[in-house]
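> Quick one, structure for this:
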Amino acid sequence: MPSGREAEYDAWVFFTCLAKITGTLAGLYLACFHVEHPLLIAVVLGITPIWLEVAATWATGTEPSLETRSAWRYTDALIDALSFVLIPAIWLGGRYPVLGPSAVLFAFCGLYRLARFLKRGLVDNQYFIGLPVTYTGYAWLPCAYSIERHSPLSAQILLSLLSFLMVWTRLKIKRTQTRNDTTPVN
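Here you go, the predicted model:
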């Protein structure tokens with residue numbers, strides 16, 4: 001049974017995970033009810049989960065992906081897989097069939113990147129290896145915009161580039177610190 005402080009911390013981690021999935025569910029709701037504004041769906045599906053997670057992380061001082069307890073790390077990875085990889089890829093590939101192969105490649109690379117992070121964690125306790133899947137949320141808007149402007153090739157190139165960046169082991173991105181983080185970041 002967790003202590004009072006651990007239970008409170010768990011509640012904040014849960015809140016942070018819940019905030020992220022809420023943005024994804026809002027985008028999914030818009031997509032399922034055939035809202036004919038793909039750019040709005042792309043914003044809600046891609047960018048809203050990022051900023052809800054950022055706001056919740058800032059407010060709570062927690063970061064579920066850096067949890068030492070595996071249950072929270074796996075929960076966060078599952079939510080990231082749904083929020084930033086699978087649901088957007090299925091939406092984009094389903095709405096724009098010409099992007100199907102690129103969306104499948106993106107989904108495979110995103111899932112591989114998450115699995116690698118779960119196995120290896122941060123390098124030197126400071127760096128993410130490869131582009132984190134959460135950063136890809138910003139790409140859904142230019143992809144949808146490119147397709148709406150009848151330029152599927154640019155959307156395919158963007159998705160392929162993001163796929164490569166997620167699995168590229170030479171790309172190191174320094175993580176940010178949360179308020180309650182005691183791990184030094186140089």
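
> How much space separates Val133 from Arg116?
Per C-beta to C-beta, to the nearest Å, Val133 is found 11 Å from Arg116. Using the backbone N, CA and C atoms, a C-beta is placed for each residue, glycine as well.

> Show me the residue at the heart of this structure, geometrically.
Central residue of the chain (C-alpha atoms, centre = their mean): Thr134, 2.6 Å from the mean position.

> wait, what's in contact with it?
By C-beta atoms under 8 Å, 6 or more residues apart in numbering, Thr134 lies in contact with Pro49, Ile50, Glu53, Asp80, Phe84.

> if we go to 10 Å?
Contact partners of Thr134, counting by C-beta atoms under 10 Å, 6 or more residues apart in numbering, are Lys20, Pro49, Ile50, Glu53, Val54, Ser65, Asp80, Ser83, Phe84, Val85, Phe128.

> Kindly report the same for Leu99.
89, 92-93, 106, 143-144, 146-147, 152, 155-156, 158-159.

> of those residues, closest to Val167?
When the contacts of Leu99 are compared for distance to Val167 (C-beta to C-beta), Phe106 comes out closest, at 10.7 Å.

> next SSE after whichever strand or helix holds Leu159?
Taking DSSP states H and E as the definition, one finds Leu159 inside helix 152-167. Helices and strands here follow DSSP H and E; after helix 152-167, the next one along the chain is strand 172-174.

> Which stretches in this protein count as strands?
127-129, 172-174 (DSSP state E).

> most neighbours per residue, which of those?
strand 127-129 (a mean of 17; mean count of other C-beta atoms under 10 Å).

> Can you say which of the strands of the chain is nearest to Ser163?
Here strand 127-129 is closest among the strands of the chain (C-beta to C-beta), at 15.2 Å.

> And the contacts of the closest one?
65, 113, 116-117, 120-123, 134-135, 166-175, 185.

> Distance from it to the middle of the chain?
Chain-centre distance of strand 127-129: 15 Å, with C-alpha atoms, centre = their mean, to the nearest Å.

> ok, now stretch 119-134?
With C-alpha atoms, centre = their mean as the basis, stretch 119-134 stands 13 Å off its chain's centre.

> for it, how far is the first residue from the last?
Start-to-end span of stretch 119-134 (C-alpha to C-alpha, to the nearest Å) is 18 Å.

> buried residues in it?
When burial is assessed from 16 or more other C-beta atoms under 10 Å, stretch 119-134 yields the following buried residues: Leu122, Phe128, Ile129, Gly130, Leu131, Pro132, Val133, Thr134.
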